[in-house]
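S.K.: Can you look at this prediction? I've put the sequence above it.
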Amino acid sequence: MGLLDTHGEQYPGKVSAEFETRESAESVIAQLAADSGLSQSRVELVVPGDQRLGSKVEPESRGIARTAVKSHLVLGLAFLVLGLAAAWLLVTFGPPLTRSSPVMVFIVLGFFPPLVGLMLAGAITLRPDHEPLISSTRQAAESGRWTVVVHCTEEEQKQRARELLDVRAETL
């Protein structure tokens, strides 16, 4: 399932830290560029009252849409195949009740497993792992603090950015 949640997004990992002043936030951005090799385009500064907060925290709306479509297709079809395979096994080798009503078995197992797959795909699309970051960034912007958001392509970059931000952050 790890592959499904990042297919459409170029930068699936995000790290953020809050700062009381613009100067401290900008100095961290400069240090991130120098120490970790992250390009400036992957580091966003969210200012107090920022009108573009949403696009700075989640800049890949097309990537998220691709993730949604792919995860729904893959999981929906995978669970459909699993459901139909289970139905075939029950109709062929199962108890007398399932062998006597093959149409009903195929209807039920052709409907409910894909529904579960689609619900799992919805959970992937919602990206619950991003919600705390989005909420804290919104709260910081509303309360007059600056937030540095780093978009990472791989876990190693995310860990390095987290280390740099942990040392310098006033709130994380």
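M.R.: Okay, I see it.
S.K.: Now do the same for Gly49: helix, strand or coil?
M.R.: Classification of Gly49 using DSSP: H, G, I helix; E, B strand; the rest coil returns coil.
S.K.: list the contacts for it?
M.R.: Going by CB atoms under 8 Å, 6 or more residues apart in numbering, Gly49 touches Ala141, Glu142. Just so you know, the C-beta spots here come from the backbone N, C-alpha and C atoms, and that holds for glycine as well.
S.K.: Do me a favour and get the end-to-end distance for stretch 143-163?
M.R.: With CA to CA, to the nearest Å as the measure, stretch 143-163 spans 25 Å from end to end.
S.K.: Quick check: chain neighbours aside, which residue is closest to Thr147?
M.R.: Once flanking residues are discounted, Thr147 sits nearest to Val46: 4.2 Å by CB to CB, 6 or more residues apart in numbering.
S.K.: Please could you give me each C-alpha atom of the helix or strand hosting Ser136, formatted as PDB?
M.R.: Element membership of Ser136 [criterion: DSSP states H and E] is helix 131-142. Extracted C-alpha coordinates of helix 131-142, given in PDB (Å, rounded to 0.1, in the frame of the first residue of the first chain):
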ATOM      1  CA  GLU A 131      -3.500  16.800   8.600                       C
ATOM      2  CA  PRO A 132      -1.500  17.600  11.700                       C
ATOM      3  CA  LEU A 133       1.000  19.600   9.600                       C
ATOM      4  CA  ILE A 134      -1.800  21.500   7.800                       C
ATOM      5  CA  SER A 135      -3.600  22.300  11.100                       C
ATOM      6  CA  SER A 136      -0.500  23.500  12.900                       C
ATOM      7  CA  THR A 137       0.500  25.600   9.900                       C
ATOM      8  CA  ARG A 138      -2.900  27.200   9.800                       C
ATOM      9  CA  GLN A 139      -2.900  27.900  13.500                       C
ATOM     10  CA  ALA A 140       0.600  29.400  13.300                       C
ATOM     11  CA  ALA A 141      -0.400  31.700  10.400                       C
ATOM     12  CA  GLU A 142      -3.500  32.800  12.400                       C
END
